[in-house]
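# The following block contains a protein sequence and its predicted model.
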Amino acid sequence: MNLSPLEIQSIIERSFLPSVCTCSMAPDQSLTIRVCDCMTGQVDLIATHVPLWKLDTVHGIATLVAEMRQQIESHKGAQPPIYH
């Protein structure tokens, strides 16, 4: 499957609704993904240096989202974790 970087970003951002999720692309073709609580604006998680090539399949994206959701749930109320 050949998803464009914009499609990958859109899928990830929608996967965290109703939370606010933003993805930004680094020059090295990695993503920084930031997930914030939609009501408080508190940062729930920041994932850095996520290789774009690992997200070129639905399975790759689903795995990343599941891991990030698990990290968010395990750290509720604490400082936002940084996921690598």
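Alright, I've got the coordinates.

# what about S10, how many neighbours?
Counted with other C-beta atoms under 10 Å, the neighbours of S10 add up to 13. Using the backbone N, CA and C atoms, a C-beta is placed for each residue, glycine as well.

# Name the helix or strand of this protein that has the lowest mean pLDDT.
Ranked by mean pLDDT, DSSP states H and E, the weakest helix or strand in the chain is strand 82-83, scoring a mean of 60.

# center of this protein, which residue is that?
Residue closest to the mean C-alpha point of the chain, counted by C-alpha atoms, centre = their mean, is I33 at 4.1 Å.

# show me the contacts for I11.
3, 61 (C-beta atoms under 8 Å, 6 or more residues apart in numbering).

# For it, what is the enclosing helix or strand?
helix 5-15 (DSSP states H and E).

# which residues in the chain form helices?
5-15, 58-74 (DSSP state H).

# Can I get those in JSON lines including distance to P27 and mean pLDDT?
Below are these laid out as JSON lines (distance: least, C-beta to C-beta, whole Å; pLDDT from 0 to 100):
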{"stretch": "helix 5-15", "distance to P27": "12", "mean pLDDT": "94"}
{"stretch": "helix 58-74", "distance to P27": "20", "mean pLDDT": "93"}
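
# Check the gap between V50 and D56 for me.
V50 sits at a distance of 12 Å from D56 (criterion: C-beta to C-beta, to the nearest Å).

# Also R34?
21 Å.

# Kindly report the same for P27.
19 Å.

# of the two, who's got more company?
Neighbour comparison, P27 and D56: the larger count goes to D56, with 17 against 5 (by other C-beta under 10 Å).

# And the pLDDT at that one?
In the predicted model, D56 carries a pLDDT score of 83.

# What residue, apart from its backbone neighbours, is nearest it spatially?
L3 (5.9 Å; C-beta to C-beta, 6 or more residues apart in numbering).

# Fine by me, we can end here.
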